[in-house]
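*Asks:* please find the sequence and the predicted model below.
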Amino acid sequence: MYSSRKGSLIAIEGIDGAGKTTTAKILVEKLRELGFEAEYTYEPFSSPFSGALKKYIEEFGEVEPEIEALAMALDRLFHVKKVIEPLLKKGVIVITDRYVYSSIAYQGAKGADIDWIKIVNRYAVEADLVIYLRVPLEIALERMKRKESKWKYFEDINRLKKVLEIYESLVYQGLMIPIDASRSIDEVVNDCLNLILVKVIKPKI
Ligand SMILES: Nc1ncnc2c1ncn2[C@@H]1O[C@H](COP(=O)(O)OP(=O)(O)O)[C@@H](O)[C@H]1O
Ligand SMILES: [Mg+2]
């Protein structure tokens with residue numbers, strides 16, 4: 001019934017604990033069940049640049065927002081060139097767990113200039129669809145307690161409130177489509193899948 005004429009890039013955004021990783025991985029399974037080639041990927045990616053950022057934080061404790069934004073942009077460009085673009089060329093539906101708007105929200109919340117973050121991310125291929133998993137902070141914090149994060153230093157509550165504000169402004173500008181992610185995983189996944197089928201994948205005519 002459906003065909004993917006070229007690869008598609010779908011980004012899943014949201015604060016820590018919103019359910020991005022869980023949802024993105026199930027979406028890939030569901031798309032495969034429907035007969036599509038789909039792959040899960042994530043950011044921050046495992047590149048030499050995210051490795052350098054981790055070392056920087058170990059050595060200096062804090063990282064300046066602009067340095068973090070540049071390191072993330074380098075990490076993203078590596079991810080785009082080595083993983084995302086080759087998959088898109090093969091016609092794969094790529095679901096990325098975080099993308100450019102994570103930098104805008106997280107490094108923006110730390111004080112980096114948002115217009116400048118957009119500029120240093122200019123060569124990151126544009127996503128066909130960005131889904132924002134919207135959850136109240138309390139629910140996200142409750143869910144986060146249940147897991148170990150690789151990037152704990154991001155998860156300060158006041159910072160997260162700013163992150164939420166920036167994410168909401170991106171929704172308001174029409175750049176991301178919000179999904180109520182405070183509901184069950186099944187409901188969240190179904191809504192995301194419907195969005196992908198309606199907005200990204202063209203029916204055969
Ligand atoms: N819709 C949901 N309802 C209840 N629990 C959820 C939901 N989505 C995710 N979780 C749980 O919350 C925790 C964090 O989810 P995760 O997918 O790792 O979030 P994120 O990747 O956005 O930080 C996990 O234990 C996961 O099983
Ligand atoms: Mg995750």
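*Replies:* Cool, the structure landed. Ligands and ions are numbered 1, 2, ... in the order given.

*Asks:* got a list of what the residue of the chain found nearest ligand 1 touches?
*Replies:* The chain approaches ligand 1 most closely through G19 (2.8 Å), counting by C-beta to the nearest ligand atom. Every C-beta, even on glycine, is put in place using the N, C-alpha and C of the backbone. Contact partners of G19, counting by C-beta atoms under 8 Å, 6 or more residues apart in numbering, are 133, 135, 143, 181, 185, 188.

*Asks:* residue numbers of this protein in contact with ligand 1?
*Replies:* Within the chain, the positions adjacent to ligand 1 are 14, 16-22, 143, 146-147, 181, 184-185, 188 by C-beta under 6 Å from any ligand atom.

*Asks:* which of the residues you listed tops the neighbour count?
*Replies:* Highest neighbour count within these: A181, with 29 neighbours (other C-beta atoms under 10 Å).

*Asks:* tell me the least confident of the residues of the chain next to ligand 1?
*Replies:* Minimum pLDDT across these is recorded for K147, with 70.

*Asks:* confirm it sits in a helix?
*Replies:* No - going by DSSP: H, G, I helix; E, B strand; the rest coil, the assignment for K147 is coil, not a helix.

*Asks:* most centrally placed residue in the chain?
*Replies:* The centroid of the chain falls nearest to R98 when counting by C-alpha atoms, centre = their mean (1.4 Å).

*Asks:* isn't that one right next to Y40, touching?
*Replies:* No - using C-beta atoms under 8 Å as the test, R98 is too far from Y40 to be in contact (11.8 Å).

*Asks:* if I look at V83, how far off is L9?
*Replies:* Look at V83 and L9: by C-beta to C-beta, to the nearest Å, they are 11 Å apart.

*Asks:* between those two, who's got more neighbours?
*Replies:* Between V83 and L9, L9 has the larger neighbour count (other C-beta under 10 Å), namely 24 against 18.
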